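predicted model follows, preceded by the sequence.
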Amino acid sequence: MNGFKPRFASVKGLSEKRRLPRLGKIRLGIKKKSVKSGKEYPSEVSYFVCPPEVERVYGAEPKELDVMFPVNDQEAIFPQAYKYYGSSKGLKCIGNGEEAQYRNDDGSWVDKKCPCELYDQNKCQIRGHLQCILPKVSVGGVYQIDTGSFNSIQDVNSGLAYIQAMVGRFSMIPCKLKRLPRETHGSGKKETHYTLNLHLDADINSIEGLRKDSMRILTGTQYALPEPEDINPAMDDQSPVEFIDEENDVPDEVTDVTVEDFADAEMPPVEDPTPITKRTTNRLVMVMGKKGIFSQEDQIVTVGAMFNLKLKALSDLTEEQGQTAIQTISEEE
């Protein structure tokens, strides 16, 4: 039979898709373990905890990395959500601050309000998964950085928004990702945490050149990114472990706090009989962010002016003041 036989070498809807691999994970903390008791607990550090190939370029304890983002889609490069893992390694509940999906023991998913009582009990946490290229290490894929820090998420979001405003895109723009010290007032006392900050690594002349190249970048081949590796941070077996000899260095109560980064959102002072809750504090910050009030200093001044108060932190508010501020700011044109 001498008929024409077509040759098929691609599959529509599949063969044209492109996806970058994940090359590794960079962490923001380590685990410490007592030689005497075997107790293990997470500990924040001031530097990036990197895999060997990154250490060969930046050294063992870098506080600054050169990064780029492969696509101009913030939900792809930095997905964020309220997440609850429970005692399992996998996710049990995920929400966006208004609604959530909760997985029952039988595997079925049900809708529920978000945030809920799990957040108030510190069992649920806001999580962000940053996926970026390290161009001085490899341009062959992305590295993932997880954070549970409210301030880190807000500062990276602000950095992305600023770069987008300056250049017209944030994809394939040279940036600096830094660990910077920030004073917080968790549990009514001053603490220092090392949060993520994203900076545009360009002067005004470079920005002009980057703008001219935007059309080519935005209309060129677009790559999908791998789904973030999303496991219970308390069960992250890949975190480096530091063994300590002194038994009194280990906290009496070891919790399932995030290994990579402590949630450094401000907590209410313990002496206030009706303190603002963590949920209301975060809602207040999100409402102000929608109104363009991003910096912590501007937020404190804005809310303080409403009540004629000289605030040191949003955690100085009462719950009633927090709810009033949310309503007032939301209603402003």
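Cool, the structure landed.

I'd assumed residue 175 was in contact with residue 196.
No. Here residue 196 lies out of contact with residue 175, judged by C-beta atoms under 8 Å, at a distance of 11.5 Å. To be clear about C-beta, it is placed using only N, CA and C from the backbone, and glycine gets the same treatment.

okay, the two: which has more neighbours?
residue 196 (23 against 20; other C-beta atoms under 10 Å).

quick one, phi/psi of that one?
As for residue 196, its main-chain torsions (degrees, to the nearest 10) stand at phi -80, psi 140.

just want the most central residue of the chain.
Geometric centre of the chain, nearest residue: residue 128, 3.1 Å, by C-alpha atoms, centre = their mean.

pretty sure it sits in a strand.
Yes. Counting by DSSP: H, G, I helix; E, B strand; the rest coil, one finds residue 128 located in a strand.

need the helices for the stretch 151-300 of the chain, in chain order.
204-212, 214-219, 278-290, 296-307 (DSSP state H, counting those that start in this stretch).

quick one, which of those helices is packed in tightest?
Most buried of the helices of the stretch 151-300 of the chain, by mean neighbour count (mean count of other C-beta atoms under 10 Å): helix 278-290, with a mean of 19.

now do that one against helix 296-307, angle only.
When axes from the mean of the first three to the mean of the last three C-alpha atoms, to 10 degrees is applied, the directions of helix 278-290 and helix 296-307 differ by 100 degrees.

just how off-centre is helix 278-290 within its chain?
Here the centre of helix 278-290 is set off from its chain's centre by 16 Å, with C-alpha atoms, centre = their mean, to the nearest Å.

swap in stretch 284-295?
17 Å.

span of that stretch from start to end?
13 Å (C-alpha to C-alpha, to the nearest Å).

and for stretch 115-128?
Stretch 115-128 has its terminal residues 16 Å apart, counting by C-alpha to C-alpha.

list the buried residues for it?
Judged by neighbour count (16 or more other C-beta atoms under 10 Å), stretch 115-128 contains these buried residues: 115, 116, 118, 119, 124, 125, 126, 127, 128.

fine by me, thanks again.
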